[in-house]
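Participant: coords please:
(2 chains)
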Amino acid sequence: MSKTYYDPADLRKFGKITEWSEELGNKFFEYYGKVFEEGALSAREKSLIALAVAHTEQCPYCIDAYTKDGLQRGVTKEEMMEAIHVGAAIKSGATLVHGVQMMNKVNKLDG
Amino acid sequence: MTKLKTQSLHKKGSDLAQSNRQLEILSNGIFQNGELPTFKDKISETSQFPLKAKKLEILQINVGYMCNQVCEHCHVDAGPDRKEIMTRETMQQCLEVIKNSGAHTLDLTGGAPEMNPDFRWFVEEAAKVGIKDFIVRSNLTIIRANKKYYDLPEFFKKHNVHVVSSMPHWTRGKTDKQRGDGVFDKSIKALQELNAVGYGMPDSNLRLDLVYNPSGAFLPGDQMAMEKDFKKALMEDFAIQFHNLFAITNLPISRFLDYLIASENYEDYMYQLVDAYNPAAVANVMCTNTLSVSWDGYLYDCDFNQMLELPVNSKAKHISEFNEELLEGRNIVISQHCYGCTAGAGSSCQGVVA
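Facilitator: Below is the predicted model of the structure:
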């Protein structure tokens, strides 16, 4: 067994998930590929969204994959960092907006 | 902080300046232990081995390895310290071939081809032959390097030369990282000067194409999408126009191989190339319709094989022995670097092939 939970080389093996459930695996990859095709959003825009989400999900495989994908599309490091801040802002905003729930509860119980 | 090379691998006496050392690396390790298939095994899967040369269409002549730049990823290991320069005698032999061969494209490369003292004479003589597409691969900064080169845009125009120039990115930071400090600003100025004489304008016959190759250990993105981004950025920021963008994959040889090994990216990069292998690209790789001539007149299947000192598999080995019939149908000499031309949409000196 590997001594760490994450091994960068495992990313290359992602496709192997179909081996234990071919139909679902294939359907997932077909869907995944379709999502990232050029559409109302450009593939470049989608790549930046994926990078931001990769960070909020804290998925090291996704971070590696979409950093490389961004570089391949000519995305600059400034654009990448701005995208991550968007993810971070939503994450922190999502935490803080629950503060209203806390305030509501305080007001109800001790107002 | 951008770290730049100031000397070629040859000048530094690096191990990797030796082509046999590079070929050894490309054949050992992950390709020897079976972790990744060799290029020969891979193309055999689709019965494409041996790869054979078709009719000659493009004659690519390397007029010397001397260059005013020392780019981070140069597959030629070019630089100011390289003294290999094509003589007028060899150029004359090339002219004979240009006149008599069926090739429709003549492609001059280097180094900086303009630094060859007989460059202008060669262009004037070759232009007289009336070849359909006459390309000069100019690094752009040479046009601003010294006043003796300032008139190059006019000179190119006079001889209806098709200018193909490297431009790694539309931002200063990424360009200078790969090609050296100040390269971006000089390249922009040179492009504006080429535009000023009519190069790259939408309806102009004066062709100006740009070459994009990645600044690091990753593959180029979609050529059309990159072209769109380049056009938008260069127009908005500098009012520059050009015709097409060629997205070219960095091949794992010479200085790029040195970079991959030093940055511990070699294995991952080879995996990327093999994972992105596209059999459809194999059918159109440039070695099947191109012949590469070195500064000393020897013949190779491509510029990369020239740098790896892998000569053509033919009795005609030198431009003085050129024989179109003999060369057509020859077996192309391959190694693992060839994966660079078959990844994704494929890669050639004219961009994607599939």
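
Participant: what sits against the residue in the stretch 101-250 of chain B positioned nearest to chain A?
Facilitator: Closest residue of the stretch 101-250 of chain B to chain A, C-beta to the nearest C-beta: B:Gly221 (4.1 Å). In short, each C-beta sits where N, CA and C put it, glycine included. When contacts are counted by C-beta atoms under 8 Å, 6 or more residues apart in numbering or on different chains, B:Gly221 touches A:Gln72, A:Arg73, A:Gly74, B:Ala247.

Participant: can you confirm B:Ala345 is in a helix?
Facilitator: No. With DSSP: H, G, I helix; E, B strand; the rest coil as the criterion, B:Ala345 is coil rather than part of a helix.

Participant: which residue is the nearest non-sequential neighbour of it?
Facilitator: Closest residue to B:Ala345 apart from its sequence neighbours, by C-beta to C-beta, 6 or more residues apart in numbering or on different chains: B:Val352 at 3.9 Å.

Participant: give me every residue that touches that neighbour.
Facilitator: Applying C-beta under 8 Å, 6+ apart, the residues near B:Val352 are B:Gln223, B:Phe246, B:Ala247, B:Gly344, B:Ala345, B:Gly346.

Participant: the fourth one against B:Leu273, yeah?
Facilitator: No. Between B:Gly344 and B:Leu273 there is no contact under C-beta atoms under 8 Å: 9.3 Å.

Participant: more neighbours: these two, which one.
Facilitator: Comparing B:Gly344 with B:Leu273 by other C-beta atoms under 10 Å in any protein chain shown, the one with more neighbours is B:Leu273, at 25 against 22.

Participant: B:Lys147: neighbouring residues, count only.
Facilitator: 7.

Participant: repeat for B:Lys42
Facilitator: By other C-beta under 10 Å, neighbour count at B:Lys42 equals 21.

Participant: hmm, back to that, can you pull the pLDDT of the residue of the stretch 101-250 of chain B closest to chain A?
Facilitator: For B:Gly221, the pLDDT comes out at 92.

Participant: helix or strand: which one has it?
Facilitator: Under DSSP states H and E, no helix or strand contains B:Gly221.

Participant: worst mean pLDDT across the helices and strands of chain B, which element?
Facilitator: Least confident helix or strand, chain B: helix B:172-179 with a mean of 86, by mean pLDDT, DSSP states H and E.

Participant: show me which residues of chain A are close to chain B?
Facilitator: Proximity of chain A to chain B (C-beta under 8 Å from any C-beta of the partner chain) is limited to residues A:Arg12, A:Glu38, A:Ser42, A:Ala43, A:Arg44, A:Lys68, A:Leu71, A:Gln72, A:Arg73, A:Gly74, A:Thr76.

Participant: just the ones of the residues you listed in helices?
Facilitator: Among those, the members found in helices (DSSP state H) are A:Ala43, A:Arg44, A:Lys68, A:Leu71, A:Gln72.

Participant: any of those residues buried? List them.
Facilitator: In these, burial by neighbour count holds for A:Arg44, A:Lys68, A:Leu71, A:Gln72, counting by 16 or more other C-beta atoms under 10 Å in any protein chain shown.

Participant: let's have the residues you listed in CSV, adding pLDDT.
Facilitator: As requested, those are exported to CSV (pLDDT from 0 to 100):
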residue, pLDDT
A:Arg44, 94
A:Lys68, 96
A:Leu71, 95
A:Gln72, 94
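
Participant: and the residues you listed, which two are the farthest apart?
Facilitator: A:Arg44 and A:Lys68 (13.8 Å; C-beta to C-beta).

Participant: coming back round to it: overlap of the contact sets of B:Gly344 and B:Leu273?
Facilitator: Contacts common to B:Gly344 and B:Leu273, judged by C-beta under 8 Å, 6+ apart, are B:Leu219, B:Thr249.

Participant: okay, helices next: where are they in chain A?
Facilitator: Using DSSP H, the helices of chain A run over A:22-35, A:43-56, A:60-72, A:77-97, A:99-110.

Participant: returning to what we had before: any chance of the contacts of B:Gly221 in CSV, plus distance to A:Pro60?
Facilitator: Below are the contacts of B:Gly221 laid out as CSV (distance: C-beta to C-beta, whole Å):
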residue, distance to A:Pro60
A:Gln72, 19
A:Arg73, 21
A:Gly74, 24
B:Ala247, 28
